[in-house]
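Colleague: Below is the structure, and that's it, no one-letter string:
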């Protein structure tokens, strides 16, 4: 987001880290809001394991923040040398858990717990600090902000419920992220590497929790159960707090094991050099899968699910498409209210299932033109970031057919429509894949046009 300088405090005899918001993005209101939120949130969360904020201000339109200078490194940097010894990984987890539990008691979720945000101070005490509350979320506030590159990195630690477009995300999402971080420290590997956004999200939703002892023989097998509970898909099955997770990790260190392996890997740092700063069509459904699993459609569903992780929005809409013919929803629908509503719902759903890579601005405008009410408001907030994420995904997606069935209101001005879409995914260098997805829309008759006011596409189909 900008530059960080080592500076002298102007009022006290101490060094501080001076963060300056980059002038390139300084005019972005969302970025400025995130920068200010980091300062305000950290300032009221005074705790020995949270990087302190001393002051913030503005100088010639550039926002700045003076924060505690931590002479050391971060866990992400330490992991470049390989796994961290289990005893040290546990201690880092314990100290980070203290910071997180304190934040949770104060009504704040961190929402971006990851190795890069855990600092390790040089010296005999080896103090651990949690930083970057820039996308922290107050429990009574639904906003959260991020940028595309940071978002993708953070998805490696995001809990399944954060991809489900839920408004009731709570502290157990941070428990999950801390579990992912502990796994990474123990093994030197991400729990779900993922080749792209879609695969990564699908892994968080569906893949079995990995066992650290299978990836690093230095890890006591008891940690397998610790990680399994911390990263449980169902948040009700996780530890009730980060402190509970840390305590279980501490017990796992001394649990019986056979055979005994020699512990290798870097320890917590103690010294080092100073760090650097159409018409309705009926289609034949594909065979149902053998098992019922959570699915994330890519790239657009994955993109909007990813946005949901960091916006905290209760957005019930997911797939967006650019109209092949560049035409908006027709203002004069076919005769008959039900047929007209179904026609409009099918066209809009198809409009929302293929991103227009050649004309992204036109695609956004067509989506806005076909929206009203709740979805019209939500679309304004999420579509720009969706575009950035979709454009970076190598898999291209388009909808080819749609089948719609409407249930009309008594006045024939509102229709709840179930939609079955046939979608074609085109991964680079591989054959195209065809699948069917279900979604539902609420269409409302506004000035003679059927517009979408609510849109739901389950990330967790039954």
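Modeller: Looks like it came in fine. Note that this is a predicted model, so its numbers are computed, not measured.
Colleague: does residue 168 count as helix, strand or coil?
Modeller: Following DSSP: H, G, I helix; E, B strand; the rest coil, we place residue 168 in the coil state.
Colleague: and the nearest residue to residue 337 once chain neighbours are set aside, how many neighbours does it have?
Modeller: With Cβ to Cβ, 6 or more residues apart in numbering as the criterion, residue 337 has its nearest non-adjacent residue at 3.9 Å, and that residue is residue 412. Backbone N, C-alpha and C define where each C-beta goes, glycine included. Residues lying near residue 412 (other Cβ atoms under 10 Å) number 13.
Colleague: For residue 412, report the pLDDT, please.
Modeller: Predicted confidence (pLDDT) for residue 412: 86.
Colleague: Provide the secondary structure category for it.
Modeller: Following three-state DSSP, we place residue 412 in the coil state.
Colleague: Please report phi then psi for it.
Modeller: Dihedral pair for residue 412: phi 60, psi 30, per degrees, to the nearest 10.
Colleague: contacting residues for it?
Modeller: Contacts for residue 412 (Cβ atoms under 8 Å, 6 or more residues apart in numbering) come out as 337-338, 445.
Colleague: Sort out for me which of these are in strands.
Modeller: residue 445 (DSSP state E).
Colleague: Tabulate the contacts of residue 412 (JSON lines), appending neighbour count, pLDDT and distance to residue 247.
Modeller: Shown next, in JSON lines, are the contacts of residue 412 (neighbours: other Cβ atoms under 10 Å; pLDDT from 0 to 100; distance: Cβ to Cβ, whole Å):
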{"residue": "337", "neighbour count": "19", "pLDDT": "89", "distance to residue 247": "61"}
{"residue": "338", "neighbour count": "16", "pLDDT": "91", "distance to residue 247": "59"}
{"residue": "445", "neighbour count": "19", "pLDDT": "93", "distance to residue 247": "58"}
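Colleague: Settle this for me: residue 108 is touching residue 41, isn't it.
Modeller: Yes - the criterion here is Cβ atoms under 8 Å, and residue 108 meets it with residue 41 at 6.1 Å.
Colleague: circling back to that earlier point, just the closest of the contacts of residue 412 to residue 170, please.
Modeller: Closest to residue 170 out of the contacts of residue 412 is residue 445 (38.8 Å), distances taken as Cβ to Cβ.
Colleague: excluding its backbone neighbours, what's nearest the closest one?
Modeller: The shortest distance from residue 445 to any non-neighbouring residue, by Cβ to Cβ, 6+ apart, is to residue 413 (4.4 Å).
Colleague: and the one you found, what does it touch?
Modeller: 337, 444-445.
Colleague: do you know how far residue 193 is from residue 183?
Modeller: Computed as Cβ to Cβ, to the nearest Å, the residue 193 to residue 183 distance reads 12 Å.
Colleague: same check, this time on residue 429
Modeller: 31 Å.
Colleague: what about those two, which has more around it?
Modeller: More crowded of residue 429 and residue 183, by other Cβ under 10 Å: residue 183, with 28 against 5.
Colleague: from what I can see the more buried one touches residue 191, true?
Modeller: Yes - contact criterion Cβ under 8 Å: residue 183 and residue 191 qualify, at 4.7 Å.
Colleague: Find the residues that touch each one of the two.
Modeller: By Cβ under 8 Å, 6+ apart, residue 183 and residue 191 have these common neighbours: 210, 227, 231.
Colleague: ok, of these, which come out buried?
Modeller: 210, 227, 231 (16 or more other Cβ atoms under 10 Å).
Colleague: Keep only those of the residues you listed that are in helices.
Modeller: Using DSSP state H, the members of those that fall in helices are residue 227.
Colleague: TSV please, covering the buried ones among the shared contacts of residue 183 and residue 191 and showing pLDDT.
Modeller: Listed next are these as TSV, based on pLDDT from 0 to 100:
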residue	pLDDT
210	96
227	98
231	98
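Colleague: nearest to residue 121, of the buried ones among the shared contacts of residue 183 and residue 191?
Modeller: For these, the nearest to residue 121 is residue 227 (26.3 Å; Cβ to Cβ).
Colleague: Grab the nearest non-local neighbour of that closest one.
Modeller: Using Cβ to Cβ, 6+ apart, the nearest residue to residue 227 is residue 183, at 5.2 Å.
Colleague: Which secondary structure element is home to that neighbour?
Modeller: helix 172-187 (DSSP states H and E).
Colleague: now for that helix, which elements pack on it?
Modeller: Contact here means 3 or more Cβ pairs under 8 Å, 6 or more residues apart in numbering; DSSP states H and E; on that basis helix 172-187 packs against helix 86-105, helix 212-215, helix 222-230, helix 242-254.
Colleague: Which elements pack onto the third one?
Modeller: The reference is to helix 222-230. Packed next to helix 222-230, using 3+ Cβ pairs under 8 Å, 6+ apart, are helix 172-187, helix 212-215, helix 242-254.
Colleague: so how far is the helix or strand following the longest one off the chain centroid?
Modeller: Meaning helix 172-187. For helix 172-187, the succeeding helix or strand toward the C-terminus, using DSSP H and E, is helix 197-206. Here the centre of helix 197-206 is set off from its chain's centre by 11 Å, with Cα atoms, centre = their mean, to the nearest Å.
Colleague: Can you give me the buried ones in helix 197-206?
Modeller: By neighbour count with 16+ other Cβ under 10 Å, helix 197-206 contains the buried residues 197-205.
Colleague: tilt between it and helix 172-187?
Modeller: On the basis of axes from the mean of the first three to the mean of the last three Cα atoms, to 10 degrees, helix 197-206 is oriented at 100 degrees to helix 172-187.
Colleague: which ones are touching residue 92?
Modeller: Counting by Cβ under 8 Å, 6+ apart, residue 92 makes contact with 75, 84, 118, 120, 128, 185, 268.
Colleague: Can you flag which of those belong to helices?
Modeller: Checked against DSSP H, the contacts of residue 92 include these in helices: 75, 185.
Colleague: Considering the contacts of residue 92, which is situated nearest to residue 98?
Modeller: residue 128 (8.6 Å).
Colleague: Now do the closest one: how many residues are near it, please.
Modeller: 24.
Colleague: Show me what it is bridged to.
Modeller: On the basis of DSSP bridges, residue 128 is bridged to residue 120.
Colleague: My understanding was that it contacts residue 118; is that so?
Modeller: Yes - Residue 128 is in contact with residue 118 according to Cβ under 8 Å; the separation is 6.5 Å.
Colleague: Touching both of those two, which residues are there?
Modeller: Shared contacts of residue 128 and residue 118, defined by Cβ under 8 Å, 6+ apart, are found at 92, 96.
Colleague: where are the low-confidence patches of the stretch 301-450 of the chain?
Modeller: Within the stretch 301-450 of the chain, the stretches with pLDDT under 70 are 301-335, 381-382, 384-393.
Colleague: let's go with 90 and repeat that
Modeller: For the stretch 301-450 of the chain, the stretches with pLDDT under 90 are 301-337, 349-364, 373-400, 409-412, 421, 423-430, 432-440.
Colleague: Would you state the strands of it in chain order?
Modeller: Under the criterion DSSP state E, counting those that start in this stretch, the stretch 301-450 of the chain contains strands at 396-408, 414-426, 433-446, 449-456.
Colleague: hang on, the earlier thing: ok, now how distant is the residue nearest to residue 337 from residue 349?
Modeller: Using Cβ to Cβ, residue 412 is found at 20 Å from residue 349.
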